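**Student:** the amino acid sequence is not available; the structure is as follows:
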């Protein structure tokens with residue numbers, strides 16, 4: 001299905017907005033739930049919602065020959081990514097943590113060069129350097145008590161697993177159906193997270209009030225299931241490459257919402273680090289976007 005420019009614009013806007021609000025919403029929801037159980041709930045619910053859209057495409061499943069792809073992808077993109085992400089988010093401001101995680105497009109530049117045969121150029125090198133300097137600036141502890149070293153490490157771990165998961169998805173994209181891959185990795189990863197959470201956490205620690213149920217519903221439906229479904233539509237239409245160019249807006253949205261609604265503060269150190277990271281990501285994506293004009297056949301999923 002080929003999308004019009006208007007449809008593409010609205011889908012990209014929706015996707016970036018959902019990824020942006022996801023961080024402060026998840027941060028707030030963690031006040032009512034433990035990390036692993038919360039991650040397992042949002043992912044499992046999101047996967048079951050996507051299953052509704054995937055079932056009509058059951059002929060594309062081919063589970064006997066591709067089961068290992070679903071498992072590996074689920075491990076990297078769901079279990080490790082959301083596991084590290086949820087624990088790290090409970091230790092740091094939502095906007096700041098999202099900035100670290102959304103260095104993924106920069107790290108993907110390295111992975112694409114090493115394992116996907118993509119070129120390494122001046123734009124990418126400069127962007128990578130600026131991105132890592134930005135994280136270093138943010139990570140400098142000024143004694144304010146707002147920066148958690150463990151939280152930063154978990155953010156970087158989340159970014160790295162997402163990067164490897166994305167590279168693996170790109171390398172195996174011709175062997176599996178994108179919607180089924182997204183659906184099954186969510187269901188598989190969500191169940192594993194729920195089992196792990198049940199082992200080390202207590203369901204009784206979850207505060208099942210109206211606020212938490214509302215937050216969980218919004219995050220699972222809009223920030224997880226529908227956001228991934230939109231991503232799938234963009235991939236099918238050949239517009240996935242544009243997503244990387246818009247990624248740098250996600251931390252900005254997360255920080256603005258966190259400041260307005262969660263009472264988080266912005267320090268000069270955070271602003272400097274954020275600017276460096278945004279410039280780095282923009283430089284990487286700028287060159288990648290120009291390269292796509294010469295190779296439109298190449299997809300660039302997140």
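**Tutor:** Perfect, I can see it now. Note that the structure is a prediction, hence the values are computed from the model and not measured.
**Student:** can you tell me how far residue 179 sits from residue 268?
**Tutor:** When C-beta to C-beta, to the nearest Å is the yardstick, residue 179 and residue 268 sit 44 Å from each other. C-beta coordinates here come from the backbone N, C-alpha and C atoms, glycine included.
**Student:** with residue 180 instead?
**Tutor:** Taking C-beta to C-beta as the measure, residue 180 and residue 268 are separated by 47 Å.
**Student:** quick one, which of these two is more surrounded?
**Tutor:** A side-by-side neighbour count of residue 180 and residue 268, using other C-beta atoms under 10 Å, places residue 180 first with 23 against 9.
**Student:** can you classify that one by secondary structure?
**Tutor:** Here residue 180 takes the helix state, with states given by DSSP: H, G, I helix; E, B strand; the rest coil.
**Student:** ok, residue 13 - contacts?
**Tutor:** Applying C-beta atoms under 8 Å, 6 or more residues apart in numbering, one finds that residue 13 lies in contact with no residue.
**Student:** need the per-residue pLDDT for it.
**Tutor:** pLDDT, residue 13: 88.
**Student:** next secondary structure element downstream of the helix or strand where it lies?
**Tutor:** Secondary structure assigned from DSSP states H and E places residue 13 in helix 5-29. Sequence-wise, the next helix or strand beyond helix 5-29 is helix 35-54, with elements assigned using DSSP H and E.
**Student:** so which bits of that next one are buried?
**Tutor:** Residues of helix 35-54 classed as buried: 35-47, 49-51, 53-54 (neighbour count, 16 or more other C-beta atoms under 10 Å).
**Student:** now do stretch 255-262
**Tutor:** 255, 257, 258, 259.
**Student:** next one: phi and psi at residue 33?
**Tutor:** As for residue 33, its main-chain torsions (degrees, to the nearest 10) stand at phi -150, psi 160.
**Student:** residue 91 too?
**Tutor:** The phi and psi torsions at residue 91 (degrees, to the nearest 10) take the values phi -110, psi -10.
**Student:** so who does it touch?
**Tutor:** Taking C-beta under 8 Å, 6+ apart as the definition of contact, the neighbours of residue 91 are 148, 150, 151, 154.
**Student:** ok, so what distance separates it from residue 151?
**Tutor:** Look at residue 91 and residue 151: by C-beta to C-beta, they are 4 Å apart.
**Student:** likewise for residue 15?
**Tutor:** Summarising the geometry, the distance separating residue 15 from residue 151, computed by C-beta to C-beta, is 26 Å.
**Student:** what of residue 76?
**Tutor:** Residue 76 sits at a distance of 21 Å from residue 151 (criterion: C-beta to C-beta).
**Student:** work out for me the element the residue nearest to residue 92 when sequence neighbours are not counted sits within.
**Tutor:** In space, and not counting its chain neighbours, residue 92 is closest to residue 151: 3.8 Å by C-beta to C-beta, 6 or more residues apart in numbering. Assigned by DSSP H and E, residue 151 falls within helix 149-172.
**Student:** buried ones in that helix?
**Tutor:** By neighbour count, with 16+ other C-beta under 10 Å as the criterion, the buried positions of helix 149-172 are 151-152, 154-170, 172.
**Student:** low-confidence ranges, the stretch 151-300 of the chain, go.
**Tutor:** Of all residues in the stretch 151-300 of the chain, those with pLDDT under 70 make up the ranges 235-248, 285-300.
**Student:** helices of that one, residue ranges please.
**Tutor:** 178-200, 210-218, 227-236, 241-246, 249-261, 268-292 (DSSP state H, counting those that start in this stretch).
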